[in-house]
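A.B. asks: Next come a sequence and a model predicted from it.
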Amino acid sequence: MVGRIARALAGLLCLATVMEAQQIEYDLEQIEAGKPPQMGNAPDEGDPFYEAGRQVYFKRCYSCHGRYGEGDGMAAHYLDPRPRDFTFGMFKFRTTLSGELPTDADLFRTVSRGVPGTAMPAWGEGTFVLPEIERWQAIHFLKSLSEDFENEDLNPYEEDRILDVGTVPGTTAERIENGKRWFLDADKAGCVKCHGPSGRGNGEAAGSHSDDWGDLILPADMTKPWRYKNGAAVEDIYRTLTLGLNGTPMPSFMDAIPDDDDRWDLAMYVVSLLEPAATTDNVIDAEKTEGALPATVDDPAWDAAVSYDVITGGQVVLGPRWQNPSVDMVHMQALYNDDEVALLLTWNDRFENATSASAPFDLNEPRNSSTELEYGDEVVTANDRAYEWDEIEALGDLWNPADTYLQVAAARIRATTAQLPDQLAIHFPVKLPPPGKAERPYLFMGDPGHPVNGWVWVAGAEQAVDGNAKGPQSSYTAQEGEVGPTATAVFEDGQWRLLLRRSLVGDKKKDTHFAPGRPIPFTLRVWDGANGEAGLQSAMSSWYYLNLKASTPSRAYVYGLLGLAITFALQLILVRRIRRG
């Protein structure tokens, strides 16, 4: 009995010692104040922080990153890019020098902010918020998944391994101009070779890179702040330029641009390329123009037309679904006159993919079935990565899953073999809902009782096709004998500009009729051929509205002035009667 009590007391003493040591190492007040706890490099399976972090990891991270952190969780095959493989000890987003391990604060920042453009959510805000202490616990466990964190020679806290950003200098026109010189000079920083002259990710080297895991990686479109994985503030961009992104072709520029001021200037120029935040308006107003509408995408009339942002995402309504579209926004401008309506649509696309075909591809079926691809008996090679057949069979039908990484790989292979074109389609209801009613067709290509009228443009074709659809399960039918909208398209510096023009009134039974003052619902679909997009696999928008603004007739101003005069006269009579009384 005495022995049991002694052993119990010894155990409690050991536990108290461990907890005391852990409390010293993980000062909760320090953590709650937002300061890194400096946890060191070798998590111990016996400490409470490790055990708590393990619980958080298996509850929140396991499904994507896998049991052992190899990026092979149950959801991994549904994601592109793939979840991070922690076992390599290779992390992109750091304040440490190129090739070094991240600090605890670096990992905490990534976990808290998430990674835009990927499935990694922000665990420090929004829907998936976790208490701060749980985020610290999770990254403590995460570090146990790589042996690199146990190597004291790789301790990121050693002197001169952490970048001191210091004070952010003020931005001036001269500094931006100097940064531009660095950006455009292929023999200096060489940014233009990958990211293109305007930063749209369309440089001459685009499409030739892969990351350290063998996956295709494209240069970032620097005009889209919401796509910056490491932050779009000037200090974030400076840090990325200085340190690079481990595991990717993005290098550190500390040697190529040794002067710290020049790197700040380059970061300021990159910030100048950023587009403003997307507008949230879902009504695109078309101003009336007297005389002829613009006939080219460069017509000065477009400079005065308001540009609206139409947000697009992956088509996930019907399989095969597509969660990896490259087009996430289309800028739209609209004008009209007494006879026609004109739409100018602009969107970024790294590569021009055109066809000589005169008719559009079927909007429901891919141009080329991926089953026509050649593959060996035992492995399928996609983007230089081999997959065992038993791994593939566990997913079900390789070429027709809901959404898988392999499907993305297959689509990209299909893009190189089938020469898929870039395409855009805009759909309007054939029958407009009664005034005041919100009734609309089914979002995705209408339904049998509510068909849509679509204008379909294929890059390389001289004419857009006017057609109809009664739902995604039906065939898209082009209108025979009908002259579709005129289409004028220009591809320049990683960007499509497409001008569509059509008469306000067309076929009474098949075409949408445009009338001023009556908002008309529409949806957009966009295909990027270089991304393997065809058939149901496309980007698509939700419902937006095109509103041809009604001009105010001159008699309305006369009636207004007459009303004011009558009101003034009545007030004058009333005042006189009051005074007499």
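C.D. replies: Good, I have the coordinates. Numbering: from 1, shown residues only.

A.B. asks: So residue 241: helix, strand or coil?
C.D. replies: Under DSSP: H, G, I helix; E, B strand; the rest coil, residue 241 falls in the helix class.

A.B. asks: distance of it from residue 564?
C.D. replies: Residue 241 sits 62 Å away from residue 564, going by C-beta to C-beta, to the nearest Å. C-beta here means a position set from N, CA and C on the backbone, and glycine is covered the same way.

A.B. asks: can you map out the helices along the stretch 351-500 of the chain?
C.D. replies: Listed in chain order, the helices of the stretch 351-500 of the chain (DSSP state H, counting those that start in this stretch) span 389-393, 405-418.

A.B. asks: hang on, isn't residue 297 packed against residue 497?
C.D. replies: Yes - if you go by C-beta atoms under 8 Å, residue 297 and residue 497 touch, sitting 4.1 Å apart.

A.B. asks: Sketch out the low-pLDDT regions of the stretch 401-550 of the chain for me.
C.D. replies: For the stretch 401-550 of the chain, applying pLDDT under 70 flags the ranges 401-418, 436, 481-483.

A.B. asks: run the last query once more with 80
C.D. replies: For the stretch 401-550 of the chain, residues meeting the criterion pLDDT under 80 lie at 401-419, 433-439, 461-463, 473-484, 508.

A.B. asks: Where do the strands of it begin and end?
C.D. replies: Using DSSP state E, counting those that start in this stretch, the strands of the stretch 401-550 of the chain run over 423-429, 452-458, 465-469, 477-478, 486-491, 495-503, 520-527, 539-541, 544-548.

A.B. asks: Just checking: what are the partner strands of the shortest one?
C.D. replies: Think strand 477-478. The pairing partners recorded for strand 477-478 under DSSP bridges are strand 465-469 (antiparallel).

A.B. asks: Alpha carbons of stretch 142-157, in PDB - could you do that?
C.D. replies: Taking Å, rounded to 0.1, in the frame of the first residue of the first chain, the C-alpha atoms of stretch 142-157 are listed here in PDB:
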ATOM      1  CA  LEU A 142       3.100  19.800 -36.600                       C
ATOM      2  CA  LYS A 143       6.900  20.300 -36.000                       C
ATOM      3  CA  SER A 144       7.100  16.800 -34.700                       C
ATOM      4  CA  LEU A 145       6.200  15.500 -38.200                       C
ATOM      5  CA  SER A 146       9.600  16.400 -39.700                       C
ATOM      6  CA  GLU A 147      13.000  15.300 -38.400                       C
ATOM      7  CA  ASP A 148      14.400  18.600 -39.600                       C
ATOM      8  CA  PHE A 149      13.000  20.400 -36.500                       C
ATOM      9  CA  GLU A 150      15.000  18.000 -34.300                       C
ATOM     10  CA  ASN A 151      18.300  19.100 -35.900                       C
ATOM     11  CA  GLU A 152      19.900  21.800 -33.800                       C
ATOM     12  CA  ASP A 153      22.000  22.800 -36.800                       C
ATOM     13  CA  LEU A 154      18.800  23.900 -38.500                       C
ATOM     14  CA  ASN A 155      17.600  26.100 -35.600                       C
ATOM     15  CA  PRO A 156      16.000  29.100 -37.300                       C
ATOM     16  CA  TYR A 157      16.500  31.200 -34.200                       C
END
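
A.B. asks: one step back: need the overlap of contacts for residue 297 and residue 497.
C.D. replies: Overlap of the contact sets of residue 297 and residue 497 (by C-beta atoms under 8 Å, 6 or more residues apart in numbering) consists of 344, 489-490.

A.B. asks: Could you point out which of those residues is nearest to residue 526?
C.D. replies: Distance to residue 526, by C-beta to C-beta, is smallest for residue 489 among those, at 12.8 Å.

A.B. asks: quick one: that closest one from residue 460, how far?
C.D. replies: 9 Å.

A.B. asks: more neighbours, the two?
C.D. replies: residue 489 (22 against 15; other C-beta atoms under 10 Å).

A.B. asks: I'd say that one and residue 457 touch.
C.D. replies: Yes - using C-beta under 8 Å, residue 489 is in contact with residue 457, at 6.9 Å.

A.B. asks: where do the contact lists of those two overlap?
C.D. replies: Common contacts of residue 489 and residue 457 (C-beta under 8 Å, 6+ apart): residue 498.

A.B. asks: OK, contacts around residue 238?
C.D. replies: 165, 168, 263-264, 267.

A.B. asks: Residue 341 too?
C.D. replies: By C-beta under 8 Å, 6+ apart, the residues touching residue 341 are 286, 293, 334-335, 501-502, 504, 514, 546, 548.

A.B. asks: Tell me how this structure divides into domains.
C.D. replies: Annotated domains of the chain cover 21-154, 173-272, 283-360+420-548, 368-414, 554-581 [automatic domain parsing].

A.B. asks: who wins for proximity to residue 161 among those domains?
C.D. replies: domain 21-154 (5.4 Å).

A.B. asks: could I get the domains of the chain as TSV with distance to residue 160?
C.D. replies: Output for those, formatted as TSV (distance: least, C-beta to C-beta, whole Å):
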stretch	distance to residue 160
domain 21-154	8
domain 173-272	12
domain 283-360+420-548	38
domain 368-414	36
domain 554-581	73
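
A.B. asks: Pick out the shakiest of those, pLDDT-wise.
C.D. replies: Per-stretch mean pLDDT for the domains of the chain is lowest at domain 368-414 (a mean of 42).

A.B. asks: on that earlier part again, list buried residues within the contacts of residue 341.
C.D. replies: Buried residues within the contacts of residue 341, counting neighbours by 16 or more other C-beta atoms under 10 Å: 286, 293, 334-335, 501-502, 504, 514, 546, 548.
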